[in-house]
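> give me coordinates for this.
(2 chains)
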Amino acid sequence: MGAVVGTLTMQTKQRRPSRDKIDDELEMTMVCHRPEGLDQLEAQTNFTKPELQILYRGFKNECPSGVVNEETFKHIYAQFFPHGDASMYAHYLFNAFDTTKNGSIKFRDFVMGLSTLLRGTLREKLEWTFHLYDINRDGYINREEMTEIVRAIYDMMGKYTYPALKGDVPQQHVDAFFQKMDKNKDGVVTLDEFIIACQEDETMMRSMQLFENVM
Amino acid sequence: MAAGVATWLPFARAAAVGWLPLAKKTMPKPPIDNSSRSDEILYVNVSGVRFQTWKNTLDRYPDTLLGSSEKEFFYNEDTQEYFFDRDHEMFRHILNFYRTGKLHYPRHECIQAFDEELAFYGIVPEIIGDCCMEEYRDRKKENQERLAEDTEANEASDAPLPPHSTLRERLWRAFENPHTSTMALVFYYVTGFFIAVSVIANVVETVPCRPPKGSVKDLPCGEKYQLAFFCMDTACVLIFTFEYLMRLFAAPSRCKFMRSVMSVIDVVAIMPYYIGLVMPENEDVSGAFVTLRVFRVFRIFKFSRHSQGLRILGYTLKSCASELGFLLFSLTMAIIIFATVMFYAEKGTKGSTFTSIPASFWYTIVTMTTLGYGDMVPNTIAGKIFGSICSLSGVLVIALPVPVIVSNFSRIYHQNQRADKMRAQQKVRLARIRMAKKGTTNAFLQYKEDRVDRDGDSTALCVKNRSAFEHQHHHLLHCLEKTTNHEFTDEMTYSELCMTESVGFRTSRSTSLSSQQGAHNHSSTGCCPRRARRRTAMRLANSTVSVSRGSVQELDTLHHKGGAPPQTRSSLNAQMCDLKLNCGDPDFSAAIISIPTPPANTPDENLPPSPAVVPGILRNSRATVFTHDTVKISSL
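Numbering: from 1, shown residues only, chains lettered A, B, ... in the order given. So this is what the prediction gives:
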């Protein structure tokens, strides 16, 4: 009988450390991040105050804690592309937005990224795109990085496409890209090569202009 | 799509800038966003209580009343607010749904009132959050069951007879619902009385009565007053037979009636009498005859027509049959084990009552159920030890599981019903999600068709009933298509394409035939024949042309299976062919113009022109065709 009681008490003692861990986790999730003041954000970005207000209200509603972590981000982005698998591209996109590299996007990162994409100069947009493609941030886009990105984009299309997606289509796309961008044929694309090549591309310049008034 | 996602749409569209360097073609123009960017506060007056909310909040769910233009019907110009003459307490929950994205069910509200409010505001109950979903479902089920019972009861008792019912229908109704007419009620009580009389007579006739004069032995009353009992029995059986025959006559479905439990009981109750009548009075058979008389006790089950409780008991036993079966099985196992052990333990002793293992079964049962008659008792020490173990385990085997089984059965029974329902609902839920996804795809394909309309006919900006959010989302998907040079299709079209690729040559010939079959078929020739015709051209170089009427049907069935999407693309092509040559590239337009001409020809003439025309065009634009540069050519 004593042994029975003994084992029962032992079990309860073991449970306590894990309960402390749960309390810690609860504490962490309660912490809210507050963005800088409205005036400061207005100064740093190209948005007006009302626009920032609208953006923040939407952001805060979706993420009351004030940050978006990668899982939530992937989930949200996947909702726009129900046909295919958007998780890989969302991962690269997340890294592009997360300038502070701490695994979560705060409102400031969100708004800075949007400001560059929507209201920035052409050069800023191209730089942003270059940083998106340059997965390891070494200043060069090599074939492997590009293949990853292109594959991730094609994954978003899903299975049911016309014409049917064959296995080597991403590779062909990457080859075409490098042919256009890599001027000195050294196998990597630097920022300058990228910007020059994009400015020469009429189609792309026209498309860039179309995206001016997305917001 | 989840509403909160609408907030992130501008962000997703901005991120599309990342696709631009990879795209080979220009991105499509974004939709014109007429709505003013600045947000405004809307006032909603619900029977006097004024709610205020941002317009954007309501716009999150464009397929509800408040999120769509339907609310304009309720706009009051004088007071500059939307007025709803509904319950304001319920409205609070509905507005919270817009704000938080989760719909909660208030527990103190009536489920039907809540459902009605949801229906009014255009919100499907499926989106109730998980926290409140179970409560909602339980209440709804309870309500529905109650309603069903009420309607059943109403129908059963008070429904007046249809004016021109036959005798049969009236009779059946009298039997099923004795409360309807006095005659039925009388008949009901008379049969009940006779059942009771019959059962009592069966019982009494075995009681020993005073012996007649001159005899010592006690006689059972049945033998003393044999004639009286026989008359009573005959009368009862006559009544029962009459009742059974009347029911059989009145039953709407005689086969079904004969298979029902009650009628089987009726038959079993009266058969022994008739068999007894028929059987001769010799000694050999009378033993069997006596056994038959046992079946007369089944008459007591006839009471179940008169008693609701008996029916419920029968149903309960039937429903927990598996639990009882398990109890029986475990008992049997224990009995066999202990009987074997006891037999071998008591084998040696003289005068042992444990003569065989089956004989030990009786001991085991009596011991395990703690009856302990004492007719069989172990004498050896080993036997006594095992006997005590047997009785202890009997307590465990029987006494413990029985309450557990009783409560288990009630819990499992309810749980099973709930689990089955949830499984069925889960299937429905998944099906709805799948349909919503398909809906998004179809909406997007529809959007593409509209885009072509708009490109071609710039004046007619046909504003279909689609929100700004949908426009922008479709534009985003369109950009992705342009980036990757592939188009979104749905499952049906995709599998259809695989099929047409494999059917190939024969199909192509027959499509040119089917294209002759009238103007309305022009739309059905659509994309597949054009694609097939291209393949035809490629194969024509080294194959002969053979027309097969049979394959026309094949293609027709293929077309019918295609459903909506091929038709949208085909109508797209049809429009392209008619006059709008806005591809901006001369080779392509040439290809498009010349291909429609073959359909105008008769079947015989068709063969020469199309091979001549198509390869020529294709040779010029082969590179473009194979790289599928534009939507229009790719659909060839």
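> number of nearby residues for the closest residue to residue B:59 other than its chain neighbours?
Leaving aside its sequence neighbours, residue B:59 sits nearest to residue B:67 (Cβ to Cβ, 6 or more residues apart in numbering or on different chains; 5.7 Å). C-beta: built from backbone N, CA, C; applies to glycine. By other Cβ atoms under 10 Å in any protein chain shown, 22 other residues sit near residue B:67.
> need the three-state assignment for residue B:67.
coil (DSSP: H, G, I helix; E, B strand; the rest coil).
> quick one: it from residue B:265, how far?
Distance, residue B:67 to residue B:265, by Cβ to Cβ, to the nearest Å: 62 Å.
> what does residue A:152 give?
Look at residue A:152 and residue B:265: by Cβ to Cβ, they are 72 Å apart.
> ok, for the closest residue to chain A within chain B, nearest residue in space, not its chain neighbours?
Nearest to chain A in chain B, going by Cβ to the nearest Cβ, is residue B:7, at a distance of 3.4 Å. Counting by Cβ to Cβ, 6+ apart, residue B:7 lies nearest to residue A:58, which is 3.4 Å off, once chain neighbours are set aside.
> separation between the one you found and residue A:114?
Distance from residue A:58 to residue A:114, by Cβ to Cβ: 11 Å.
> and residue B:31, by the same measure?
In terms of Cβ to Cβ, residue B:31 sits 19 Å off from residue A:114.
> say whether chain B is contacted by the one helix or strand residue A:173 maps to.
Per DSSP states H and E, residue A:173 falls inside helix A:169-181. Yes: if you take Cβ under 8 Å from any Cβ of the partner chain as the test, helix A:169-181 does meet chain B, through A:169, A:173, A:176, A:177, A:181.
> now a ChimeraX select for only the buried ones of those residues.
Only the buried members of the residues of helix A:169-181 next to chain B end up in this ChimeraX selection, burial being decided by 16 or more other Cβ atoms under 10 Å in any protein chain shown:
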select /A:169,173,177,181
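> turn the residues of helix A:169-181 next to chain B into a markdown table, including pLDDT and distance to residue A:87.
Formatted as a markdown table, the residues of helix A:169-181 next to chain B follow (pLDDT from 0 to 100; distance: Cβ to Cβ, whole Å):
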| residue | pLDDT | distance to residue A:87 |
| --- | --- | --- |
| A:169 | 84 | 20 |
| A:173 | 86 | 20 |
| A:176 | 86 | 25 |
| A:177 | 85 | 22 |
| A:181 | 83 | 26 |
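> and the closest residue to chain B within chain A, how many neighbours?
Relative to chain B, the nearest point of chain A is residue A:58 (3.4 Å; Cβ to the nearest Cβ). Here the count is done by other Cβ under 10 Å, and residue A:58 has 22 residues near it.
> more neighbours, residue B:31 and residue A:114?
Of the pair residue B:31 and residue A:114, residue A:114 is the one with more neighbours under other Cβ under 10 Å, namely 23 against 18.
> the more buried one: what's it in contact with?
A:45, A:47, A:55, A:215, B:10, B:11, B:14 (Cβ atoms under 8 Å, 6 or more residues apart in numbering or on different chains).
> just the strands in the stretch 151-300 of chain B please.
Assigned by DSSP state E, counting those that start in this stretch, the stretch 151-300 of chain B shows strands spanning B:208-209, B:219-220.
> Serialize the ones you listed to TSV and add fields for mean pLDDT and distance to chain A.
Formatted as TSV, these follow (pLDDT from 0 to 100; distance: least, Cβ to the nearest Cβ, whole Å):
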stretch	mean pLDDT	distance to chain A
strand B:208-209	80	60
strand B:219-220	74	62
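> got TSV for those strands, with mean neighbour count too?
Shown next, in TSV, are these (neighbours: other Cβ atoms under 10 Å in any protein chain shown):
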stretch	mean neighbour count
strand B:208-209	14
strand B:219-220	14
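> for chain A, which segments count as helices?
For chain A, the helices defined by DSSP state H cover A:2-30, A:38-44, A:49-62, A:70-80, A:87-97, A:107-119, A:122-133, A:143-157, A:169-181, A:191-200, A:202-210.
> pipe those into CSV and attach distance to residue B:339 per row.
Formatted as CSV, these follow (distance: least, Cβ to Cβ, whole Å):
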stretch, distance to residue B:339
helix A:2-30, 35
helix A:38-44, 87
helix A:49-62, 71
helix A:70-80, 63
helix A:87-97, 65
helix A:107-119, 78
helix A:122-133, 80
helix A:143-157, 68
helix A:169-181, 74
helix A:191-200, 89
helix A:202-210, 89
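> what's the closest of the ones you listed to residue B:225?
helix A:2-30 (69.6 Å; Cβ to Cβ).
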